[in-house]
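Asks: below are the sequence and a predicted model for it; my questions follow.
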Amino acid sequence: MNLTKSGRLITWLLILLAISLFLAGCSGARSYRNAAASGKTYEVSPGFREFYNSLGGEVILGPAISQNFNYQSYECQYTANALMCLNPVVLGAGRFGLFPLGTALNVREDPSENASNSGSRVVNGYTIYEEFVTLYDQLSGVVYTGNPLTQVHLNYPQQRIEQFFENVGLYRKFSDPPGTVRLLAYGAASCTKECNYHPALEAMILDSSNTISDQSLLEGLGKVGNSSVFGQPLTQPYLAMDGKQEQVYENVVLYTEGNSGTVKLRPLSILLNMLTMEPGEKVYGNQNGVVFYSVKDGLGYHVPIVFDEFISAHGGTILSGDPIADVIEYQSGIYRQCFTNYCLDYAPSAPEDQRVTIAPLGSLYLEQMQKSVTLQQPTVISPDTVALQLSEQYKQLPSTEPQKIDLFVYRKEDQQPLAGFESYLQLNLPDGSTYNSVLPVTQSDGRSTVIIPSMKNIPNGSILTYQVCLKSASTQPICAAGSYLVWKIP
């Protein structure tokens, strides 16, 4: 087969569905030892060795994770990051190719009609992220990388910048220096049944349908009615550029207010430059199907009663913010009015309980962040990024005296204090019971304090151990421990 022109694409597409049903048997192999990856690997088949090395070998493609296998007239072998195939009846370099696993993995999004051409590499409406261009070219562009399937994205759960192509996927960890680009584990994701290889978490392709379980910020928002109107979370909670905890949902963006720890909504409509209008005088009232929202000096906006009822049922204007414009026909048959923190859409032809919805602006917010992806990356909240430091007022004290515990929460990368974190203390007592207390949220200096009352029944000479953990700040516990001695000189 000739893999360099359209015939190659047609040939690959013909075997696309079948290859997903036929995976190479993987047995009897040497163990691949790596601190981040594990499992069975194989020697690269002699027929592929030169091709494999020409593309960067194990450094780029990863180790071989299957033996050679035949599919119709083709020979193929999986590596951790790709699937190499050749047609033995064709001579020259055109006999080799990488199978379009990205397409088989069903990774796809529509191209942009407004892809930037100013100094950027644009292929079929997809802008290739500038740090990925070097490796893209090293793999001969579309010849071995394939055409782009997505724009560049920030993957917060796996802390990486990523972009999917037909044959391979490219990524850089948030914590890596700019230009440190690797391939996603396409091969390991495709050869799941017969292969026994587990790539590093950072390179895994996780099921995007998995629900994000950490919705701790939503729990702190208070009474919002049915919170499902916010949509599904698009990210885990993370530390935004301003040092505040933030989580993006389909329709809104939640964040913590620094000193108080109060959860609020970002002014999404303002941040996304949604249409604004000057407030005007009241002209209509309830008899006209609207409520007048006064915002300044008696001037304001007319809000349809259906929007007013929705706002009242979901936290009021404390959550929505004031309107910033009158109603417009956003699309044919869809009417929109934007408030400071979100926009409401009205679809008269929809079922009654679905006519009023919050506009899905969360993804636009993420896209705006991705456009500035070369800036410092948001910090995902985890034990790897956030640390706690504890200290006791007294290393030893009598049981008749209270103890003070000081907490300092900071970002590991630069020791920056982190405000707005709530935490809880568990003190282990000699009789096996525990004393529990919630600490106030950390202030702008990252600090908080809790007083443990005197406990007169504690035996003299007891060592009391305690632990302080951040409250629902991460899917993994973020804790620190300490101890002190209960002692009174006899």
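Replies: Good, I have the coordinates.
Asks: contacts and neighbour counts: CA atoms only from here.
Replies: Fine.
Asks: doesn't Gln72 make contact with Leu86?
Replies: No - in this structure, Leu86 is not within contact of Gln72 by C-alpha atoms under 8 Å, at 11.3 Å.
Asks: quick one, which of these two is more surrounded?
Replies: Leu86 (25 against 8; other C-alpha atoms under 10 Å).
Asks: list the contacts for the more buried one?
Replies: The neighbours of Leu86, taking C-alpha atoms under 8 Å, 6 or more residues apart in numbering as the test, are 74-76, 95-97.
Asks: distance of it from Gly316?
Replies: Using C-alpha to C-alpha, to the nearest Å, Leu86 is found at 63 Å from Gly316.
Asks: next: Asn288.
Replies: For Asn288 relative to Gly316 (C-alpha to C-alpha), the value is 22 Å.
Asks: higher neighbour count, these two?
Replies: Gly316 (16 against 10).
Asks: what about the more buried one, distance to Gly222?
Replies: Using C-alpha to C-alpha, we find Gly316 at a distance of 12 Å from Gly222.
Asks: phi, psi of Leu217?
Replies: Recorded main-chain torsions at Leu217 are phi -70, psi -40, according to degrees, to the nearest 10.
Asks: list the contacts for it?
Replies: By C-alpha under 8 Å, 6+ apart, the contact list for Leu217 reads 237, 246-247, 254-256, 263.
Asks: looking at those residues, which are in strands?
Replies: Per DSSP state E, strands hold the following members of the contacts of Leu217: 246-247, 254-256, 263.
Asks: select, from these, the two members most distant in space.
Replies: By the measure C-alpha to C-alpha, Gln247 and Val263 form the most distant pair in the ones in strands among the contacts of Leu217, at 10.4 Å.
Asks: which of those two has more residues huddled nearby?
Replies: Taking other C-alpha under 10 Å, Gln247 and Val263 do not tie; Gln247 has more neighbours (26 against 21).
Asks: surely the more buried one is in contact with Leu221?
Replies: No - with contact defined as C-alpha under 8 Å, Gln247 does not count as touching Leu221 (12.0 Å).
Asks: circling back to that earlier point, which of the ones in strands among the contacts of Leu217 lies closest to Gly187?
Replies: Taking C-alpha to C-alpha as the measure, Gly187 sits nearest to Gln247 out of these, at 31.5 Å.
Asks: report the beta-bridge partners for that closest one.
Replies: Here Gln247 shows beta-bridge partners Leu254, assigned using DSSP bridges.
Asks: how far away is it from Thr256?
Replies: For Gln247, the distance to Thr256 - C-alpha to C-alpha - is 9 Å.
Asks: same check, this time on Gly62
Replies: Remark: distance between Gly62 and Thr256 (C-alpha to C-alpha) = 41 Å.
Asks: cool, Gly333 as well?
Replies: Taking C-alpha to C-alpha, one finds Gly333 at 36 Å from Thr256.
Asks: which among the contacts of Leu86 count as buried?
Replies: Buried members of the contacts of Leu86, scored by 16 or more other C-alpha atoms under 10 Å, are 75-76, 95-97.
Asks: tell me the one of these nearest Ser120?
Replies: The closest of those to Ser120 turns out to be Gly97 (C-alpha to C-alpha; 26.6 Å).
Asks: would you turn the buried ones among the contacts of Leu86 into TSV with secondary structure, distance to Cys479 and pLDDT?
Replies: Putting these into TSV (DSSP: H, G, I helix; E, B strand; the rest coil; distance: C-alpha to C-alpha, whole Å; pLDDT from 0 to 100) gives the following:
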residue	secondary structure	distance to Cys479	pLDDT
Glu75	strand	52	93
Cys76	strand	48	93
Arg95	helix	55	89
Phe96	strand	52	93
Gly97	strand	49	92
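Asks: so what's Asp406 closest to, chain neighbours aside?
Replies: Distance criterion C-alpha to C-alpha, 6 or more residues apart in numbering; nearest residue to Asp406, sequence neighbours excluded, is Thr449 at 4.6 Å.
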